[in-house]
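A.B. asks: What follows is a protein structure lacking sequence information:
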């Protein structure tokens, strides 16, 4: 089945540690997005990519990094510079501005 | 600036009641797209509907219906005969061109819908 796969489902980070969240899609979509959601809040855009080897900062990019080496993959690294990383992270992809974004099941990140 | 407002933070109704979730948007674009998503307690976001700015026809899908009115910049969502399984957070979103064909969604803050048995 076509869709978006995020892994892991749960992730724990130690102080000073970088962690990477995986996002893979087989929908052949050009655009991919990373969002952060805090409890009881809406979605905030971290990074987005419209094409391979190109990505742009969203509203809250500080403390995060991404890469887009393949069309199917858009991993997000939460660096030690992100002092408050505990949140629910959602990855999405889209076939165009008139198309809906399709979401993965999300990754819940917590600090140990 | 583009903006999406969902003024209702939380709505609680008894099962079988009808409920309407409001969405008001602001945009300078003449061509734009509006979306509704559902986020159940499990967390995943489920796409419900897309509407483009040139199609003001209301849409019905089972117990769900959407009322798009450009004159008031609103795109409201009604659930008829609500069920407990409808309990979720519902998000309205507007597609925005940032620059050079780069698009992102502008999200409302969401409305938490609680359906009591």
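C.D. replies: Nice, I can see it. Please read all numbers here as calculations on a predicted model, not as lab measurements.
A.B. asks: And the pLDDT at the residue nearest the centre of chain A?
C.D. replies: With distances taken as CA atoms, centre = their mean, the residue of chain A nearest its centroid is residue A:34 (3.2 Å). Residue A:34 is assigned a predicted lDDT (pLDDT) of 98.
A.B. asks: and residue B:11, what does it touch?
C.D. replies: Counting by CB atoms under 8 Å, 6 or more residues apart in numbering or on different chains, residue B:11 touches B:19, B:21, B:111, B:112, B:113, B:114. Using the backbone N, CA and C atoms, a C-beta is placed for each residue, glycine as well.
A.B. asks: which residues does the first one bridge with?
C.D. replies: It refers to residue B:19. Beta bridges link residue B:19 to residue B:79, judged by DSSP bridges.
A.B. asks: quick one: the residue nearest to the centre of chain A from residue A:22, how far?
C.D. replies: In this structure, residue A:34 and residue A:22 are 11 Å apart, going by CB to CB, to the nearest Å.
A.B. asks: Kindly report the same for residue A:80.
C.D. replies: When residue A:80 is compared with residue A:22 (using CB to CB), they lie 19 Å apart.
A.B. asks: With residue B:72 instead?
C.D. replies: To residue A:22, residue B:72 is 43 Å away according to CB to CB.
A.B. asks: Following element in sequence after the helix or strand of chain B with the lowest mean pLDDT, please.
C.D. replies: Least confident helix or strand, chain B: strand B:102-107 with a mean of 84, by mean pLDDT, DSSP states H and E. Scanning forward in sequence from strand B:102-107 by DSSP states H and E, the next helix or strand is strand B:111-116.
A.B. asks: Show me what from chain B comes close to chain A.
C.D. replies: With the criterion set to CB under 8 Å from any CB of the partner chain, chain B comes near chain A through B:33, B:35, B:42-47, B:50, B:52, B:91, B:95, B:97-98, B:101-105, B:107-110.
A.B. asks: ok, and what's touching stretch B:45-61?
C.D. replies: The contact list for stretch B:45-61 (CB under 8 Å, 6+ apart) reads A:90, A:92, A:98-103, B:29-40, B:64-70, B:75, B:77, B:90-91.
A.B. asks: Now with 6 Å, please.
C.D. replies: Stretch B:45-61 has contacts (CB atoms under 6 Å, 6 or more residues apart in numbering or on different chains) with A:100, A:103, B:31-39, B:66-68, B:70.
A.B. asks: So which bits of chain A are right by chain B?
C.D. replies: Residues of chain A found near chain B (CB under 6 Å from any CB of the partner chain) are A:42, A:43, A:50, A:97, A:98, A:100, A:103, A:105, A:106.
A.B. asks: Return the list of strands paired to the helix or strand that contains residue B:36, each annotated with direction.
C.D. replies: Per DSSP H and E: residue B:36 is located in strand B:33-39. Note on strand B:33-39: by DSSP bridges, its sheet partners are strand B:46-52 (antiparallel), strand B:88-99 (antiparallel).
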